[in-house]
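*Asks:* Turn this into a model:
(2 chains)
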Amino acid sequence: MKAIMGTVRNGQIIADQPVEWPEGTRVIMEPAAKEETLEERFHRLSAIWHRETAYLSSMTEASSHPAYQQIIQLGPDVIPLLLRDMQARHTHWFAALHALTGAEPIPPSAAGNVPKMVDAWLSWAKEHGYQW
Amino acid sequence: MVTPLEQVFPGLAKGDYRITSPANPDYNCLAWAVADTGKWWWPGPDEKREYWPPGVLRETTLSAFQEVLALLGYLPCVDEAVESGFEKVALFADTSGKPKHAARQLATGRWTSKLGRMEDIEHELGDLEGAVYGSVVLILKRPVTAVV
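*Replies:* Residues are numbered from 1 along each chain as shown, chains lettered A, B, ... in the order given. All right, here's what the predicted structure looks like:
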């Protein structure tokens, strides 16, 4: 028999579609495991990374954190989320973007200048057709 | 209630510190210590991401940090006592001698620190010693008239 999904409302379980099982069929109900979207996973890992590395003085040490590395492992689909977050908060996704794209658009004159580094990456992303 | 900062730096828990700026990911402790908030100063392996003065060995060692500070007129001194006519910077390092943090002395004798990507705070020097930044291993000073 096909499983039926539903939603709890006011203490009642409302099925997503009419139930065609025979009258008197006993059923088991338990909360469905919620599948994390890419965005949810990114935000969860990002929060861990911020909490555990925000006090570090070294970008390299921060980007070596397991949560940062797991964000890189999310693959190219995460690039727009990185760009959006970097644009809004200047988050240091430079190493992640480099790992995911192979690009390194920061000019030597912008070394260490975070606003200019962000601008360089956003310009590069725009030129390469990314939308975020 | 223990704040997130106090969780990371238990020495702050006695409450003798104050936050003096919002969190800012554009500069770090060394930049703040040498009064250059336009860059993130650290000798990371990628010279495009972290600024390190040209000509100084790009390695996280006390001697490299000392060399950078010497370029700015800082020389090692005896202790953290306020000295009229001088400004001081303190370097923190872990047990292997690897630099982890820099703080700058204020005219009052208290210290100011930028905590990674987090806030600037005013504090007592020993407040930040511990598991995260290690301990103070070197104090340097320069005349307040020195040009950066």
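*Asks:* I'd assumed A:A110 was in contact with A:A120.
*Replies:* Yes: using CB atoms under 8 Å, A:A120 makes contact with A:A110 at a distance of 5.8 Å. In short, each C-beta sits where N, CA and C put it, glycine included.
*Asks:* the strands in the chain, which residues?
*Replies:* Just going to use chain A. A:6-9, A:12-15 (DSSP state E).
*Asks:* hmm, I had chain B in mind actually
*Replies:* B:18-19, B:75-76, B:86-93, B:99-105, B:111-114, B:120-123, B:135-143.
*Asks:* any chance of those in TSV, with mean pLDDT, distance to B:V34 and mean neighbour count too?
*Replies:* Shown next, in TSV, are the strands of chain B (pLDDT from 0 to 100; distance: least, CB to CB, whole Å; neighbours: other CB atoms under 10 Å in any protein chain shown):
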stretch	mean pLDDT	distance to B:V34	mean neighbour count
strand B:18-19	96	21	13
strand B:75-76	96	14	12
strand B:86-93	98	7	22
strand B:99-105	98	8	24
strand B:111-114	98	11	24
strand B:120-123	98	14	20
strand B:135-143	97	10	18
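*Asks:* where does the closest residue to B:E119 other than its chain neighbours sit relative to B:N28, distance-wise?
*Replies:* Setting aside the residues directly before and after it, B:E119 is nearest to B:I19 in space (CB to CB, 6 or more residues apart in numbering or on different chains), at 4.8 Å. Going from B:I19 to B:N28 by CB to CB, to the nearest Å gives 16 Å.
*Asks:* Closest residue of chain A to chain B?
*Replies:* Closest contact between chain A and chain B, by CB to the nearest CB, is at A:G112 (2.7 Å).
*Asks:* Look up how far B:Y27 lies from that residue.
*Replies:* A:G112 is 9 Å from B:Y27, by CB to CB.
*Asks:* List the residues that contact the nearest residue in space to B:P25 that is not next to it in sequence.
*Replies:* Nearest residue to B:P25, sequence neighbours excluded (CB to CB, 6+ apart): B:R117, at 4.1 Å. Contact analysis of B:R117 by CB atoms under 8 Å, 6 or more residues apart in numbering or on different chains lists A:50, A:53-56, A:62, A:92, B:23-25, B:28.
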